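Q: pasting the sequence and the predicted coordinates here, then a few questions.
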Amino acid sequence: MQLIDTHTHLYLPEFDTDRDEMVNRAVSSGVVKLLLPNIDIHSVGPMLSAADRYKGVCYPMIGLHPTSVKEDYISQIEKLEVSAAENKFVAVGEIGIDLYWDKTHLKEQREALRRQVSFAIKSDLPVVIHSRESFPEVFSVLKEFKGQGLTGVMHAFSGSTEDAKKVVGMGFMLGIGGPLTFKNSGLDKISQAIGIEHILLETDSPYLAPVPYRGKRNESSYICIVNKKLAEIFGMNEEETAAITFENSCRLFKI
Ligand SMILES: [Zn+2]
């Protein structure tokens, strides 16, 4: 059985003491590919060195995270675009709008998202979208690019079934992780409503660990727990859901 963690921040300090062991645990549990979303200009270095250390396992992305969008966002994005020209990335991410932590920079967040989506289209890369309490805002920006071949994933999806259907209708995938194992997350019904052909597995580690590790540090090997839950929901065996989500991920990220 082979799985892909399509969203892990394994270059963060939370893994400084045992990163090698953590990656080994993932690979030996069948989680053979790990995709690394970027945060800001400061995380590019650590992310690229992780991608280099675990070649063939880790694949980096480039982008400015919405919670890092401040007054200097244009100069940050320009630097990230320079880096994009010098390195190989599998996606533009993570990008989006986050109104949960801070609404001060909504205008800048929207502009940063627009600019990075056009960059993704120009570079023929999918986007990895972070949307927190901002679905209408994100959706309206993405709609501006309709018909331009934009693809991507709505990561750590936390919206309604209706939102999920809109995402899929736009040709996007849904990134599903630890919250699928939480009681009352509603993600079981949402997953069934959109179908497994639109689902990617992700941890968002070190965040959002699945039950029974909820609240603890998350890591890529726990993708197996989420896959098990997904199999239960779809009445399939774990090998089947692993194979389908693996294929979905390879297709979107061209890996
Ligand atoms: Zn993330």
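A: All right, it came through fine.
Q: so the residue in the stretch 51-200 of the chain that the ion sits nearest to: helix, strand or coil?
A: As assessed by C-beta to the ion, the ion sits closest to residue 94 within the stretch 51-200 of the chain, at 5.1 Å. For every residue, glycine as well, the C-beta is placed using N, CA and C. Three-state assignment for residue 94 (DSSP: H, G, I helix; E, B strand; the rest coil): strand.
Q: how about the residue in the stretch 151-255 of the chain that the ion sits nearest to, what does it touch?
A: Residue nearest to the ion within the stretch 151-255 of the chain (C-beta to the ion): residue 204, separated by 4.9 Å. Residues in contact with residue 204, defined by C-beta atoms under 8 Å, 6 or more residues apart in numbering, are 7-9, 155-156, 177-178, 218.
Q: and if you look at residue 184?
A: No residues are in contact with residue 184 under the rule C-beta under 8 Å, 6+ apart.
Q: against residue 56, how distant is it?
A: 39 Å (C-beta to C-beta, to the nearest Å).
Q: same deal with residue 173?
A: 23 Å.
Q: the more surrounded of those two?
A: Per other C-beta atoms under 10 Å, whichever of residue 173 and residue 56 has more neighbours is residue 173, with 26 against 8.
Q: which strand or helix spans that one?
A: Using DSSP states H and E, residue 173 sits in strand 172-176.
Q: may I see the buried residues of the longest helix belonging to the chain?
A: Criterion DSSP state H: the longest helix present in the chain is helix 106-123. By 16 or more other C-beta atoms under 10 Å, the buried positions in helix 106-123 come out as 106, 108-113, 115-117, 119-121.
Q: now what about that helix, what contacts it?
A: Contacts of helix 106-123 (C-beta under 8 Å, 6+ apart): 63-64, 66, 69-71, 73, 77, 81, 84, 91-92, 95-99, 126-127, 137-138, 141-142, 144-145, 148-150, 152.
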